[in-house]
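Chemist: quick check, what structure comes out for this input:
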Amino acid sequence: KEKSGSPPAEAPRKRRLHWPSFSVDLSRPKHRRILFLGIVGLALLGVVILMGGLKTYEYTESAEFCGQTCHVMESEFVRYEYSPHANVDCAKCHIGPGTSFFVKSKIDGLKQVYAVMANTYSRPIKGPVHDLRPARETCEECHTPTSFKDNVIKNIVHYDNDRDNTLVQSTLILKMGGWQENTGVGEGIHWHITNPVYYIAADEGRQIIMWIGVEQADGSLKEYFARDMLNMARDSFVEEARAEGKVRQMDCIDCHNRTAHFIPSPEAVVDEAIETGVIPQSLPYIRAKAVEVLTPNYPSEAAADEAIEGLADFYKMSQLQELADASPSAVSDYQAKVETSLNEIKKLYAETNFPEMNLNWQTNPNNARHTPFPGCFRCHDGKHAAVDESGNEVEIISVKCNLCHTVPIVGRGNDRLVEAPVVVGDVPETHADFRWTIEHRSVTEAEEQECYDCHGRGFCNNGACHNLSHPPDMLYTHAEEYFKTGDQVCYTCHQDILCSRCHPGGIVANP
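Modeler: Numbers count the residues shown, from 1 in each chain. Presented below is the predicted three-dimensional model:
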């Protein structure tokens, strides 16, 4: 207790902080030196930060950063290096010029970094990229529609699955088309880019096209509906899709969707390997055997290599049969060819199959052609019709092959002089019908003989078009063919939407 009359105890005083005083007196030489050194130091630091930022920016925009720093993109980077765009940095196409898309891409990149850290990223990486910058702002910086003028002679090399791996060459002319400044006409393959075309797809992969609108000179749209969807021509289907952002204007990417990341089929990579000589054509049945062993989906690259090594047993038996009386040098040469071929097949597998990402040639359809995926036939299938007010079909999107290319001329072996197609006189009325391309296979013997009046007999000996023969029991056996060919055979001519007529519940993969 405090004694009465004593003064009250003082409250403890708060301790005050004293900041050190700082003053610059430029009249003093020491201060001038310190200030000068400080300014120089800050300037140097600013230069270092600026240079570091620029280098960091350049690196994050490089193909090496996109494809090698991120292991998820390794498979895409491998295919990119084999593409015609291997010297074009990823950012040139995926981002393009301008600040807004750069910032948007980096924000999206943060989401991808999180997905990698959380191990929730997609396997495989499916196309198309839905937020990709419009092709007119990227592709057309180098490829303008006015530059596609000349036709291109295309020679396609294949090899048969026979003992001799017989060479088969298909020659055709690609009608590149595009916008012709001197005539004011758009035609050929690139007609689609010089004329506004819109479409609605039924699936994320844009493989099933339900509606197509072609802008006319007066700004109106000529509309075509998939035959399965003709009833939608009478309702507000298109308006609703447009409100939901599902109406897309066709651009380069709708056909050239795998330009920088294309994975060729087993047949294509083996044909190229034989053509370039890395797999010897003289090795019996090597084309058939290589395709056979590259086609299955293996759980790992090691499992694929083991299966490929299994071909050695086949060639050991073949050696006993074909080289029983051969000289030691011939046997040694044969064995060297087998070893070289097996090593090359392993390399082909590693370049086109990525089991850890569930990625192979079947994962993302290539739309730049119409085999083995629908490609052009997504629209040019004879099954997209324009209708009148009564719902009657009045026009069909053309299915004529020669809109985009001439009919292929095919030669086997060393026979390059195949009788070429020559049309004499007026085109018959039957040929003007859009169904003719598909239905001409059913002509009578007499009508077939009439064909030869204009077309040489070599015209129909054409494996590029006439290798699709359907047996009488196809209605009951097509499921087996569908499975054996990797779910692709039907899509050459038929859209998936047609399957729903008999399979309303959808198609079960690998039943």
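Chemist: I'd like to know how far the nearest residue to Asp160 once chain neighbours are set aside sits from Val338.
Modeler: Leaving aside its sequence neighbours, Asp160 sits nearest to Thr166 (C-beta to C-beta, 6 or more residues apart in numbering; 4.2 Å). Every residue, glycine included, has its C-beta placed from N, CA and C. According to C-beta to C-beta, to the nearest Å, Thr166 and Val338 sit 20 Å apart.
Chemist: those two: who's more crowded?
Modeler: A side-by-side neighbour count of Thr166 and Val338, using other C-beta atoms under 10 Å, places Val338 first with 20 against 15.
Chemist: so what's the more buried one up against?
Modeler: Contact analysis of Val338 by C-beta atoms under 8 Å, 6 or more residues apart in numbering lists 283, 311-312, 315.
Chemist: quick one: contacts for the residue nearest to Asp160?
Modeler: Thr166 touches 159-160, 412-413, counting by C-beta under 8 Å, 6+ apart.
Chemist: remind me which residues of the stretch 251-400 of the chain are low pLDDT?
Modeler: Within the stretch 251-400 of the chain, not a single segment meets pLDDT under 70.
Chemist: now do the chain
Modeler: Scanning the chain for pLDDT under 70 picks out the ranges 1-18, 146-149, 179-186, 233-234, 415-427, 432-435, 437-438, 455-477, 480-511.
Chemist: still on that earlier bit, farthest pair in the contacts of Val338?
Modeler: Greatest spacing in the contacts of Val338, by C-beta to C-beta: Leu283 and Ala312 (12.1 Å).
Chemist: which one's more surrounded, these two?
Modeler: Using other C-beta under 10 Å as the criterion, Leu283 and Ala312 rank with Leu283 on top: 19 against 13.
Chemist: would you map out the domains in this structure?
Modeler: Using automatic domain parsing, the domain parsing of the chain gives 63-121, 266-357.
Chemist: kindly reformat the ones you listed as TSV containing distance to Pro428.
Modeler: Putting these into TSV (distance: least, C-beta to C-beta, whole Å) gives the following:
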stretch	distance to Pro428
domain 63-121	41
domain 266-357	35
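Chemist: tell me the one of the contacts of Val338 nearest Pro296?
Modeler: Taking the contacts of Val338 together and measuring to Pro296 by C-beta to C-beta, the closest member is Leu311, at 13.3 Å.
Chemist: all helices of the stretch 251-400 of the chain, in order?
Modeler: Assigned by DSSP state H, counting those that start in this stretch, the helices in the stretch 251-400 of the chain fall at 266-276, 286-294, 301-309, 311-322, 328-352.
Chemist: distance from the chain centre to the fourth one, please.
Modeler: Counting by C-alpha atoms, centre = their mean, to the nearest Å, helix 311-322 is centred 38 Å from the centre of its parent chain.
Chemist: nearest to Val399, of the helices of the stretch 251-400 of the chain?
Modeler: helix 266-276 (24.6 Å).
Chemist: coming back round to it: and the residue nearest to Asp160, how far is that from His85?
Modeler: In terms of C-beta to C-beta, Thr166 sits 34 Å off from His85.
Chemist: next one: Pro355
Modeler: For Pro355, the distance to His85 - C-beta to C-beta - is 25 Å.
Chemist: do the same with Glu344
Modeler: Distance of Glu344 to His85, given as C-beta to C-beta: 25 Å.
Chemist: so those two - more neighbours on which side?
Modeler: Glu344 (20 against 16).
Chemist: next, the contact list for the more buried one, please.
Modeler: By C-beta under 8 Å, 6+ apart, Glu344 lies in contact with 273, 278-279.
Chemist: so who does Phe354 touch?
Modeler: 74-75, 78, 124, 360.
Chemist: typo on my end, it should be Asn257
Modeler: Asn257 neighbours (C-beta under 8 Å, 6+ apart): 127-128, 206, 364-368.
Chemist: got the CA positions of stretch 342-362 in PDB?
Modeler: What follows is stretch 342-362, C-alpha atoms only, in PDB (Å, rounded to 0.1, in the frame of the first residue of the first chain):
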ATOM      1  CA  LEU A 342      14.500 -53.900 -86.100                       C
ATOM      2  CA  ASN A 343      16.500 -51.000 -84.700                       C
ATOM      3  CA  GLU A 344      14.800 -48.600 -87.100                       C
ATOM      4  CA  ILE A 345      11.300 -49.900 -86.200                       C
ATOM      5  CA  LYS A 346      12.100 -49.300 -82.500                       C
ATOM      6  CA  LYS A 347      13.100 -45.800 -83.400                       C
ATOM      7  CA  LEU A 348       9.900 -45.300 -85.400                       C
ATOM      8  CA  TYR A 349       7.800 -46.400 -82.400                       C
ATOM      9  CA  ALA A 350       9.600 -44.100 -80.000                       C
ATOM     10  CA  GLU A 351       9.000 -41.100 -82.300                       C
ATOM     11  CA  THR A 352       5.300 -41.800 -82.800                       C
ATOM     12  CA  ASN A 353       4.100 -43.400 -79.600                       C
ATOM     13  CA  PHE A 354       4.200 -42.000 -76.100                       C
ATOM     14  CA  PRO A 355       2.600 -44.500 -73.700                       C
ATOM     15  CA  GLU A 356       3.100 -42.400 -70.600                       C
ATOM     16  CA  MET A 357       0.900 -39.700 -72.200                       C
ATOM     17  CA  ASN A 358      -1.500 -42.200 -73.800                       C
ATOM     18  CA  LEU A 359      -0.600 -40.500 -77.100                       C
ATOM     19  CA  ASN A 360      -0.300 -42.100 -80.500                       C
ATOM     20  CA  TRP A 361      -1.400 -41.500 -84.100                       C
ATOM     21  CA  GLN A 362      -5.000 -42.200 -83.300                       C
END
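Chemist: from the chain's centroid, how far away is that stretch?
Modeler: Put simply, stretch 342-362 sits 16 Å off its chain's centre (C-alpha atoms, centre = their mean).
Chemist: can you give me the buried ones in it?
Modeler: Neighbour counts using 16 or more other C-beta atoms under 10 Å place 342, 344-346, 348-349, 351-355, 357, 359-362 of stretch 342-362 among the buried residues.
Chemist: farthest pair within those?
Modeler: Maximum distance among those (C-beta to C-beta): 24.7 Å, for Leu342 and Met357.
Chemist: hmm, back to that, which of the contacts of Thr166 are buried?
Modeler: Using 16+ other C-beta under 10 Å, the buried ones in the contacts of Thr166 are Tyr159.
Chemist: any idea how far the closest residue to Ala86 other than its chain neighbours is from Pro266?
Modeler: Distances taken as C-beta to C-beta, 6+ apart place Tyr80 nearest to Ala86, at 6.3 Å, with adjacent residues excluded. For Tyr80, the distance to Pro266 equals 20 Å [C-beta to C-beta].
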